[in-house]
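Visitor: Any chance you can model this:
(chains A and B)
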Amino acid sequence: MSAHSTAIGVSSKRGVWGGGNEPLKASYGKLMMWFFLLSDIFTFAAFLITYLSIRVSYPAYAGPANEFVGSNEYWPIPELVFDAIPFVHGVHAPLVFVGLMTFILIASSVTMVLAVEAGHRNDRNDVVKWMLWTLVGGITFLSCQAWEWNHFIHGSEGGAVLKYVNDIGRYVTETVFGANLLVNEYGPASFANLFFFITGFHGFHVTIGVLLLFMVFYQAAVGVYDRRGHYEMVEKIGLYWHFVDLVWVFVFTLFYLI
Amino acid sequence: MDIQENKSTLNVVPKNNEKIKKIWKTALILLAITTAEFIMAFTMPRGILLYVLFMILTVWKAKYIMMEFMHLGDEVKPMIYAILVPIIFLFWLIIVLFKEGTDIFSLRWF
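Guide: A predicted model of the protein is given here:
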């Protein structure tokens, strides 16, 4: 050891308590990404469990499906609320569009894991190719969600007749079209509120994810990771992107199936 | 000034087809479970049984995404536990808020 060193000398036989151990055998960046995701799991879980709690505090619609009309007295049947597809007007296609969105997000997760695999092999061309596919999947999913929101906000042609307290505090009975934070034609006000907040918060994560994916795609393409000597950034952003898919799996079940 | 040649200085490791096959297999399982959920939503009567089945299938999918896609299964044991054990707290939250929700239901409607 040199005379200038200020570090405390450690014996090469330091054992468990001598310091310098790596009990989790992961790099700092990867570890911090996992702990961030753990905190995000708690945030999303709080949202989704709140949904569950409010959902069971309302009676479910019990009549036959073909006579369903929206009301703030009971919780709607999801497959009758989300039954539209773009470009085809007036066709009853329950859950087809969200099913498609789910497939798109899972597919982009697969291409992401293939990019991570290519990164382990230092294969720049494959990383760039699979990152591009993941990017396409992410942007397609976001566009689908924008359409879904647009449809949800504008509502059906007939609307639904509801009794509710309007924005100037009057108890009114009138036909409501679409959804906002005060009232919606599908079900109780909480139904639309939870939909906007939870899918919105998820969509926000996807948006950030797409920006990060673009960053990785660009940096891989211009050779930043080659010069750095490893492709760990692909792996870290990959973790985030898989997490977004993981959350969507739960959102899909709670909002669209149950 | 010379144009910098963008050549990789790292050695490209050849593809391991085993690994890539495993990724596609996991993807197929995820797609199959989602399709099954989709079919169940239209063929089974709505009720507790269906909802419990949905939740089991969802957690099963989550397991595949975390263990295979996020490679948590390939990490060391302390790392796996550091991520999974804190999630136990959520079960408490589910039980408490489920109870709270059903109590509000009885207060509001009976």
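
Visitor: quick one: contacts for A:G178?
Guide: Residues in contact with A:G178 (Cβ atoms under 8 Å, 6 or more residues apart in numbering or on different chains) are A:F152, A:I153, A:H154, A:G155, A:G159, A:N184, A:E185. Glycine gets a C-beta too; all of them are placed from N, C-alpha and C.

Visitor: Please name the nearest non-neighbouring residue to the second one.
Guide: Right, A:I153. Setting aside the residues directly before and after it, A:I153 is nearest to A:G178 in space (Cβ to Cβ, 6 or more residues apart in numbering or on different chains), at 5.1 Å.

Visitor: ok so, going back, out of the contacts of A:G178, which sit inside helices?
Guide: Among the contacts of A:G178, the members found in helices (DSSP state H) are A:F152, A:I153, A:H154.

Visitor: would TSV of those with pLDDT and neighbour count be doable?
Guide: What follows is these, written out as TSV (pLDDT from 0 to 100; neighbours: other Cβ atoms under 10 Å in any protein chain shown):
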residue	pLDDT	neighbour count
A:F152	93	19
A:I153	95	14
A:H154	93	11
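
Visitor: wait, which of the residues you listed is closest to chain B?
Guide: A:F152 (19.0 Å; Cβ to the nearest Cβ).

Visitor: That closest one and A:F191 touch, don't they?
Guide: No: counting by Cβ atoms under 8 Å, no contact exists between A:F152 and A:F191, whose distance comes to 10.4 Å.

Visitor: Need the residues touching each of the two.
Guide: Contacts common to A:F152 and A:F191, judged by Cβ under 8 Å, 6+ apart, are absent.

Visitor: Near chain B, which residues of the stretch 51-200 of chain A are found?
Guide: Taking Cβ under 8 Å from any Cβ of the partner chain as the contact definition, the stretch 51-200 of chain A meets chain B at A:52-60, A:77, A:79, A:94-95, A:99, A:102-103, A:106-107, A:109-110, A:112-114, A:116-117, A:120-124.

Visitor: Can you select the buried ones from those in PyMOL?
Guide: The PyMOL command for the buried members of these (criterion: 16 or more other Cβ atoms under 10 Å in any protein chain shown) is given here:
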select buried, chain A and resi 52+53+54+55+56+57+58+77+79+94+95+99+102+103+106+107+109+110+112+113+114+116+117+120+121+122+123+124
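
Visitor: Could you pull up the residues touching the residue nearest to A:Y61 when sequence neighbours are not counted?
Guide: Beyond its immediate neighbours in the sequence, the residue positioned closest to A:Y61 (Cβ to Cβ, 6+ apart) is A:Y74, lying 4.9 Å away. Shown in contact with A:Y74 (Cβ under 8 Å, 6+ apart): A:Y58, A:P59, A:A60, A:Y61, A:A62, A:G187, A:P188.

Visitor: which pair in those residues spans the largest distance?
Guide: A:A62 and A:P188 (15.4 Å; Cβ to Cβ).

Visitor: Quick check on the two: which one has the bigger neighbour count.
Guide: Neighbour tally, A:A62 and A:P188, criterion other Cβ atoms under 10 Å in any protein chain shown: the higher count belongs to A:P188, 23 against 8.

Visitor: Return the distance of that one relative to chain B.
Guide: Between A:P188 and chain B the distance, using Cβ to the nearest Cβ, to the nearest Å, works out to 11 Å.

Visitor: how about that residue, what does it touch?
Guide: A:P188 makes contact with A:Y58, A:N72, A:E73, A:Y74, A:W75 under the criterion Cβ under 8 Å, 6+ apart.

Visitor: Now it: phi and psi?
Guide: In terms of degrees, to the nearest 10, the main-chain angles of A:P188 are phi -60, psi 160.

Visitor: can you check A:E174 too?
Guide: Torsion angles at A:E174 (phi, psi; degrees, to the nearest 10) stand at phi -150, psi 170.

Visitor: What of A:L181?
Guide: Summarising the backbone geometry of A:L181 under the convention degrees, to the nearest 10, its torsions are phi -80, psi -10.

Visitor: I'd like to know how many residues surround it.
Guide: Burial of A:L181, expressed as a neighbour count using other Cβ under 10 Å, amounts to 10.

Visitor: Give me the below-cutoff pLDDT ranges for the stretch 1-150 of chain A.
Guide: A:1-14 (pLDDT under 70).

Visitor: Strands of the chain, start to end?
Guide: No chain in the question, so chain A it is. In chain A, strands defined by DSSP state E lie at A:160-165, A:171-176, listed in chain order.

Visitor: right idea, wrong chain: chain B
Guide: All residues of chain B lie outside strands when identified by DSSP E.
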